[in-house]
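Peer 1: Quick one: sequence plus predicted model below, questions after.
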Amino acid sequence: MRLHAKWIISCACFLFLTGNVCLADVTAAPIRIGATVSLEGKFQEPSGMIQKAFTFWADEVNQKGGILGRRVKLILYDDKSRPDLARTLYKKLIEQDRVDLVFSPYSTPLTLAASEISEQHEMVMMACAAAARKPWQRDFRYLFGLYAPGNRQFIGLLDIMARENHKTLSVLYDETSSFNLDIVNGIHQWADTFNITIMYEQGFQDGKKTLPHLVAAVKAKNTAGLILSAYPPDCHELLRLLEKEQYRPPVLAMPIAPVHPDFHKKAGDMADLVFSTSQWEPDERIPFPGTQQFVENFTKFAGHLPSFHAVSAYAACRLYEQAIVQTGSLDNKRLRDYIFSLDTVTLLGRFKVDHTGMQIGHNPFIIQWQKGKKQIVWPRKLQTAAPVL
C-alpha cells in the first residue's frame, strides 16, 4: 500500500468476508488510531519500515473482522523528521481528528515531543521506536517502550572485542540526540567492565561538516575499534569518508543503518564486516512464536524483508489489539493499567516495563554483514555466524 501525500496520509482499511471470519459492523464508527511518520529527513529510512508495518497490521486485522467488531482506520501525518512538527500534528490528531489511540513517531527526539501532547490528554502511547531513557524520566504514566534502552545496546560488541583481545576504541556520536548519548554512556560503562580503553571520543552536531576532521583524528589514533552513534545519513557519510581515506579499523560499528535489508546495496563493499546493534532479526532461529509467518506475510506485503523497526511497530499494534480485546474497552486508563501489568512475549521478544513504562524485559542482538548477508553474531546461543574481525 502506498501513501501518497507528504502532508497527510489517511489510510482507511476496509474489511472483506473470508471463510467463517465475522464481518465487522460497517455501521459502527471505526477505531481511529493516529501517528506521524517521517516521509523525509534523517528518519525517513527506518520510519518507512514503521509506516509499512502499521498499514500491514491494519489490513490484517480488518480482514479478520476488526477489533470488537469495529474496523480500524489509521490516520498518519508526515512529521518531516521534525520534533516541532510532530508536536503540532499529535495535537491535531487528538484534538481535531479525535483519535482513540496513538502510536509514537520514529526516534527518541520525536517521541519526546509527541508524548508531551499524549500525556497531557491522558492517552496511551506505545513508543515503538524510542530507545533512550529520557522519555521515561519525566514521571509520565501513559508512555510505554518496546526497545531495549540505548545504554545496553553495544554490550555484545564490547564482549566480542574483549574475547578477541581488541582493547582500544574510538567513539564518535551525534550529540543532539539523547538516544546516541545513551549509547555512549553505555559504551563507557561496559568498556570499563571489559577492560577496553576509549582512546578518542568526540561528539558532533553537523556530521556532513564535522566528520571529515573526526575521521582524520580517528585514523591518527589507529584504535582497534570505531563506533559511530548516529542516524543513517551520518552512518553512510562515515563509510564514504573511510573509503575515501582507504582506512578501516578492525572493528567498525554503528546503530540503525546496518539493520536495513538494503544496507549492503547502499553501502557497497564498505558494508562488509560492519557491526550493528539490532532489536530483532528475520531469522528462523529467533524463538518468538509467529516469527516465520510474519516474515513471510510482511515480505509479500512490502516487497522486502522487515527490519526490527517493522516488527517493533507490528508488536505495538498487537499489544494494543490484545489490550482492547482483554479489557473490552477503548478507555485509555483501563488500557494503561492492563499494559502496565503485562509480562508477555511479542514477535519482538519479551515485553515487560518498569513503573515508569520503560522496557526492561527485552534484550538486543549484535549483527554483522558478512559477504552481503546479515548474520547474528551475539549472543552466541543465537549465532547464525561467528563474528569476523
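Peer 2: Cool, got the structure.

Peer 1: residues touching residue 158, list them.
Peer 2: Applying Cβ atoms under 8 Å, 6 or more residues apart in numbering, we find residue 158 in contact with 187, 190-191, 193-194, 196. C-beta here means a position set from N, CA and C on the backbone, and glycine is covered the same way.

Peer 1: what about it, which SS state?
Peer 2: helix (DSSP: H, G, I helix; E, B strand; the rest coil).

Peer 1: shift numbering so it begins at 19
Peer 2: Will do, 19 is the new start, and the previous item becomes residue 176.

Peer 1: That one and residue 271, how far apart?
Peer 2: According to Cβ to Cβ, to the nearest Å, residue 176 and residue 271 sit 10 Å apart.

Peer 1: Please save the CA atoms from stretch 76-94 in PDB.
Peer 2: What follows is stretch 76-94, C-alpha atoms only, in PDB (Å, rounded to 0.1, in the frame of the first residue of the first chain):
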ATOM      1  CA  ALA A  76      -4.500  -2.600   9.800                       C
ATOM      2  CA  ASP A  77      -5.100  -4.600   6.700                       C
ATOM      3  CA  GLU A  78      -4.600  -7.800   8.500                       C
ATOM      4  CA  VAL A  79      -6.900  -7.000  11.500                       C
ATOM      5  CA  ASN A  80      -9.600  -5.700   9.300                       C
ATOM      6  CA  GLN A  81      -9.600  -8.800   7.100                       C
ATOM      7  CA  LYS A  82     -10.200 -10.800  10.300                       C
ATOM      8  CA  GLY A  83     -13.200  -8.700  11.300                       C
ATOM      9  CA  GLY A  84     -11.700  -5.700  13.000                       C
ATOM     10  CA  ILE A  85     -11.400  -5.400  16.800                       C
ATOM     11  CA  LEU A  86     -14.600  -5.800  18.900                       C
ATOM     12  CA  GLY A  87     -16.500  -5.900  15.600                       C
ATOM     13  CA  ARG A  88     -15.200  -2.500  14.500                       C
ATOM     14  CA  ARG A  89     -12.800  -1.900  11.700                       C
ATOM     15  CA  VAL A  90      -9.500   0.000  12.200                       C
ATOM     16  CA  LYS A  91      -8.800   3.300  10.500                       C
ATOM     17  CA  LEU A  92      -5.200   4.800  10.500                       C
ATOM     18  CA  ILE A  93      -4.600   8.500  10.300                       C
ATOM     19  CA  LEU A  94      -1.000   9.200   9.600                       C
END
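
Peer 1: List the buried residues in that stretch.
Peer 2: The neighbour-count check on stretch 76-94 (16 or more other Cβ atoms under 10 Å) flags 76-81, 83-85, 88-94 as buried.

Peer 1: May I ask which two of these are separated the most?
Peer 2: 83 and 94 (22.7 Å; Cβ to Cβ).

Peer 1: Next secondary structure after the host helix or strand of residue 341?
Peer 2: Per DSSP states H and E: residue 341 is located in helix 326-345. Going down the chain from helix 326-345, the next helix or strand is helix 350-359, by DSSP H and E.

Peer 1: ok, then the element right after that next one?
Peer 2: Next along the chain after helix 350-359, taking DSSP H and E as the criterion, comes strand 361-363.

Peer 1: Now do the same for residue 287: helix, strand or coil?
Peer 2: Of the three states, residue 287 takes helix under three-state DSSP.

Peer 1: okay, now it: neighbour count?
Peer 2: Residue 287: 10 surrounding residues under other Cβ atoms under 10 Å.

Peer 1: try the one 4 residues further on
Peer 2: Counted with other Cβ under 10 Å, residues neighbouring residue 291 total 18.

Peer 1: Let me see the domain layout of this protein.
Peer 2: Domain segmentation of the chain under automatic domain parsing yields 26-166+305-370, 169-297+383-400.

Peer 1: Looking at those, which is nearest to residue 407?
Peer 2: domain 169-297+383-400 (5.1 Å).

Peer 1: Just give me how far the closest one sits from the chain centre.
Peer 2: Computed by Cα atoms, centre = their mean, to the nearest Å, the chain-centroid distance of domain 169-297+383-400 equals 17 Å.

Peer 1: mind showing which ranges of this protein have poor pLDDT?
Peer 2: Filtered on pLDDT under 70, the chain yields the residue ranges 19-45.

Peer 1: who's in contact with stretch 358-365?
Peer 2: 162, 164, 298, 306-309, 312, 329, 332-333, 336-337, 368-371, 375, 379.

Peer 1: Which of these fall in helices?
Peer 2: 309, 312, 329, 332-333, 336-337 (DSSP state H).

Peer 1: quick one: which of those is nearest residue 115?
Peer 2: Closest to residue 115 out of the ones in helices among the contacts of stretch 358-365 is residue 337 (21.9 Å), distances taken as Cβ to Cβ.
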